[in-house]
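>>> Need a 3D model of the following:
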Amino acid sequence: MAEQKKQPLTASDSTVSGSTQTGIAVDLAQLLHQECIQLLELFKGRETSLSDQTPDGGRMVSLCSKAKESSTEEQVQLLHSALRQCLGMLHCVIQKEEEEWGRLDDNYETLKASVRERLKNLLHTTKDLLKSNNETLEVTPDHHCNEEVDGTQGTFGLKMWTYRVLLELIHWADHAAKTLHVLHTEKEGTK
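Sure thing, here's the model as predicted:
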(Lines give C-alpha, C1' and ligand atoms only; values in the text may rest on other atoms or scores of the structure.)
Protein backbone atom coordinates (compact mmCIF):
# COMPACT_ATOMS: atom_id res chain seq x y z
CA MET A 1 0.00 0.00 0.00
CA ALA A 2 2.82 2.45 0.84
CA GLU A 3 4.26 1.86 -2.60
CA GLN A 4 0.93 2.57 -4.29
CA LYS A 5 1.30 4.90 -7.23
CA LYS A 6 -0.48 8.22 -7.06
CA GLN A 7 -3.30 8.23 -9.56
CA PRO A 8 -3.64 11.52 -11.40
CA LEU A 9 -6.99 13.12 -10.66
CA THR A 10 -8.63 15.34 -13.20
CA ALA A 11 -11.85 17.30 -13.40
CA SER A 12 -13.24 14.58 -15.68
CA ASP A 13 -13.12 12.18 -12.70
CA SER A 14 -15.77 14.15 -10.83
CA THR A 15 -19.54 14.12 -11.02
CA VAL A 16 -20.25 17.85 -11.46
CA SER A 17 -19.70 19.85 -14.61
CA GLY A 18 -16.77 22.15 -14.06
CA SER A 19 -17.87 24.69 -16.66
CA THR A 20 -19.10 27.20 -14.05
CA GLN A 21 -17.32 28.75 -11.11
CA THR A 22 -19.38 26.77 -8.61
CA GLY A 23 -18.93 23.58 -10.65
CA ILE A 24 -15.16 24.07 -10.60
CA ALA A 25 -15.30 24.57 -6.82
CA VAL A 26 -17.24 21.32 -6.38
CA ASP A 27 -14.78 19.48 -8.63
CA LEU A 28 -11.83 20.81 -6.64
CA ALA A 29 -13.40 19.83 -3.32
CA GLN A 30 -14.18 16.31 -4.58
CA LEU A 31 -10.65 15.86 -5.87
CA LEU A 32 -9.24 17.17 -2.60
CA HIS A 33 -11.40 14.71 -0.68
CA GLN A 34 -10.16 11.79 -2.81
CA GLU A 35 -6.55 12.85 -2.39
CA CYS A 36 -6.94 13.28 1.39
CA ILE A 37 -8.26 9.71 1.65
CA GLN A 38 -5.30 8.48 -0.42
CA LEU A 39 -2.92 10.50 1.77
CA LEU A 40 -4.27 8.88 4.92
CA GLU A 41 -3.89 5.42 3.38
CA LEU A 42 -0.28 6.19 2.42
CA PHE A 43 0.39 7.52 5.92
CA LYS A 44 -1.08 4.38 7.55
CA GLY A 45 0.95 2.20 5.19
CA ARG A 46 4.09 4.10 6.10
CA GLU A 47 3.36 4.12 9.85
CA THR A 48 2.45 0.48 10.39
CA SER A 49 2.84 0.86 14.16
CA LEU A 50 -0.36 2.94 14.12
CA SER A 51 -2.49 0.26 12.46
CA ASP A 52 -4.19 -0.63 15.75
CA GLN A 53 -4.39 2.95 17.04
CA THR A 54 -7.30 5.37 16.86
CA PRO A 55 -6.65 9.03 17.51
CA ASP A 56 -8.43 10.47 20.53
CA GLY A 57 -10.37 13.68 20.58
CA GLY A 58 -13.13 15.33 18.66
CA ARG A 59 -12.98 17.85 15.86
CA MET A 60 -9.82 19.92 15.71
CA VAL A 61 -11.63 22.53 13.61
CA SER A 62 -15.21 23.43 14.34
CA LEU A 63 -17.73 25.91 13.04
CA CYS A 64 -19.96 28.10 15.15
CA SER A 65 -23.23 26.54 16.28
CA LYS A 66 -25.25 28.82 13.96
CA ALA A 67 -23.66 27.29 10.85
CA LYS A 68 -26.61 24.98 10.13
CA GLU A 69 -29.05 27.90 10.30
CA SER A 70 -26.97 30.03 7.91
CA SER A 71 -27.61 30.57 4.22
CA THR A 72 -25.55 28.46 1.85
CA GLU A 73 -23.28 31.41 1.04
CA GLU A 74 -22.72 32.03 4.76
CA GLN A 75 -21.93 28.33 5.16
CA VAL A 76 -19.35 28.60 2.36
CA GLN A 77 -17.80 31.57 4.16
CA LEU A 78 -17.57 29.53 7.40
CA LEU A 79 -16.24 26.61 5.39
CA HIS A 80 -13.54 28.88 3.97
CA SER A 81 -12.45 29.67 7.52
CA ALA A 82 -12.34 25.97 8.43
CA LEU A 83 -10.31 25.19 5.30
CA ARG A 84 -7.80 27.92 6.24
CA GLN A 85 -7.37 26.24 9.61
CA CYS A 86 -6.87 22.90 7.86
CA LEU A 87 -4.23 24.46 5.60
CA GLY A 88 -2.48 25.82 8.68
CA MET A 89 -2.46 22.40 10.33
CA LEU A 90 -1.18 20.79 7.13
CA HIS A 91 1.64 23.34 7.01
CA CYS A 92 2.49 22.36 10.60
CA VAL A 93 2.46 18.66 9.70
CA ILE A 94 4.85 19.32 6.84
CA GLN A 95 7.13 21.48 9.00
CA LYS A 96 7.15 19.10 11.99
CA GLU A 97 7.72 15.99 9.86
CA GLU A 98 10.62 17.67 8.05
CA GLU A 99 12.14 18.68 11.39
CA GLU A 100 11.76 15.13 12.70
CA TRP A 101 12.70 13.03 9.65
CA GLY A 102 14.03 15.41 7.02
CA ARG A 103 12.65 15.72 3.53
CA LEU A 104 11.81 12.30 2.12
CA ASP A 105 11.14 11.42 -1.49
CA ASP A 106 8.17 9.05 -1.57
CA ASN A 107 4.52 8.91 -2.65
CA TYR A 108 3.33 10.19 0.73
CA GLU A 109 5.45 13.34 0.46
CA THR A 110 4.44 13.93 -3.15
CA LEU A 111 0.74 13.53 -2.39
CA LYS A 112 1.02 15.69 0.74
CA ALA A 113 2.41 18.53 -1.41
CA SER A 114 -0.39 17.98 -3.93
CA VAL A 115 -3.04 18.12 -1.19
CA ARG A 116 -1.53 21.37 0.09
CA GLU A 117 -1.68 22.94 -3.40
CA ARG A 118 -5.21 21.69 -4.06
CA LEU A 119 -6.34 23.07 -0.69
CA LYS A 120 -4.79 26.45 -1.55
CA ASN A 121 -6.60 26.37 -4.91
CA LEU A 122 -9.89 25.57 -3.18
CA LEU A 123 -9.37 28.50 -0.81
CA HIS A 124 -8.78 30.85 -3.74
CA THR A 125 -11.85 29.45 -5.49
CA THR A 126 -14.14 29.86 -2.48
CA LYS A 127 -12.77 33.37 -1.99
CA ASP A 128 -13.67 34.18 -5.61
CA LEU A 129 -17.15 32.68 -5.15
CA LEU A 130 -17.78 35.01 -2.21
CA LYS A 131 -16.30 38.22 -3.67
CA SER A 132 -19.69 39.90 -3.89
CA ASN A 133 -20.17 39.77 -0.10
CA ASN A 134 -18.01 42.89 0.54
CA GLU A 135 -15.71 40.80 2.72
CA THR A 136 -12.02 40.21 2.27
CA LEU A 137 -11.26 36.56 2.81
CA GLU A 138 -7.75 35.40 3.59
CA VAL A 139 -6.23 32.43 1.82
CA THR A 140 -3.15 32.12 4.02
CA PRO A 141 -2.87 29.33 6.60
CA ASP A 142 -4.65 30.03 9.87
CA HIS A 143 -2.38 28.25 12.35
CA HIS A 144 1.00 28.83 13.94
CA CYS A 145 3.51 26.02 14.49
CA ASN A 146 5.60 27.61 17.18
CA GLU A 147 4.42 25.39 20.05
CA GLU A 148 4.15 21.64 20.57
CA VAL A 149 1.44 20.24 18.35
CA ASP A 150 -1.74 19.49 20.24
CA GLY A 151 0.11 19.15 23.54
CA THR A 152 1.84 15.96 22.38
CA GLN A 153 5.53 15.29 22.55
CA GLY A 154 7.88 12.87 20.92
CA THR A 155 7.71 10.88 17.73
CA PHE A 156 4.61 8.88 18.64
CA GLY A 157 2.75 12.06 19.64
CA LEU A 158 3.64 13.67 16.32
CA LYS A 159 2.42 10.62 14.41
CA MET A 160 -0.90 10.58 16.28
CA TRP A 161 -1.34 14.32 15.78
CA THR A 162 -0.61 13.90 12.05
CA TYR A 163 -3.19 11.09 11.93
CA ARG A 164 -5.78 13.44 13.50
CA VAL A 165 -4.92 16.23 11.05
CA LEU A 166 -5.37 13.87 8.10
CA LEU A 167 -8.75 12.74 9.42
CA GLU A 168 -9.69 16.41 9.82
CA LEU A 169 -8.67 17.13 6.22
CA ILE A 170 -10.87 14.27 5.00
CA HIS A 171 -13.81 15.55 7.04
CA TRP A 172 -13.55 19.15 5.84
CA ALA A 173 -12.87 18.25 2.20
CA ASP A 174 -16.02 16.11 2.23
CA HIS A 175 -17.96 18.90 3.95
CA ALA A 176 -16.66 21.33 1.32
CA ALA A 177 -17.77 19.09 -1.55
CA LYS A 178 -21.27 18.75 -0.08
CA THR A 179 -21.71 22.43 0.81
CA LEU A 180 -20.35 23.63 -2.54
CA HIS A 181 -22.60 21.16 -4.34
CA VAL A 182 -25.61 22.73 -2.60
CA LEU A 183 -24.37 26.19 -3.65
CA HIS A 184 -23.85 24.94 -7.20
CA THR A 185 -27.39 23.54 -7.28
CA GLU A 186 -28.83 26.80 -5.95
CA LYS A 187 -26.91 29.01 -8.38
CA GLU A 188 -27.03 26.84 -11.49
CA GLY A 189 -30.31 25.01 -10.88
CA THR A 190 -28.69 21.69 -11.76
CA LYS A 191 -27.44 18.66 -9.89
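
>>> Break down the protein into its helices, ranges please.
Taking DSSP state H as the test, the helices found in the chain are 21-46, 72-101, 107-129, 154-188.

>>> most tightly surrounded among those?
Highest mean neighbour count of these: helix 21-46, a mean of 21 (counted as mean count of other Cβ atoms under 10 Å). (Each C-beta comes from the backbone N, C-alpha and C, glycine too.)

>>> Remind me what that helix packs against, helices and strands.
Using 3 or more Cβ pairs under 8 Å, 6 or more residues apart in numbering; DSSP states H and E, the elements in contact with helix 21-46 are helix 107-129, helix 154-188.

>>> what's the average pLDDT for that helix?
Mean pLDDT, helix 21-46: 95.

>>> now do stretch 84-101
The pLDDT scores in stretch 84-101 average 90.

>>> Please tell me how far it is from the chain's geometric centre.
Centroid separation between stretch 84-101 and its chain, computed with Cα atoms, centre = their mean, to the nearest Å, is 12 Å.

>>> Equivalent analysis for stretch 54-62, please.
14 Å.

>>> so how far does it reach from one end to the other?
One end of stretch 54-62 to the other measures 20 Å (Cα to Cα, to the nearest Å).
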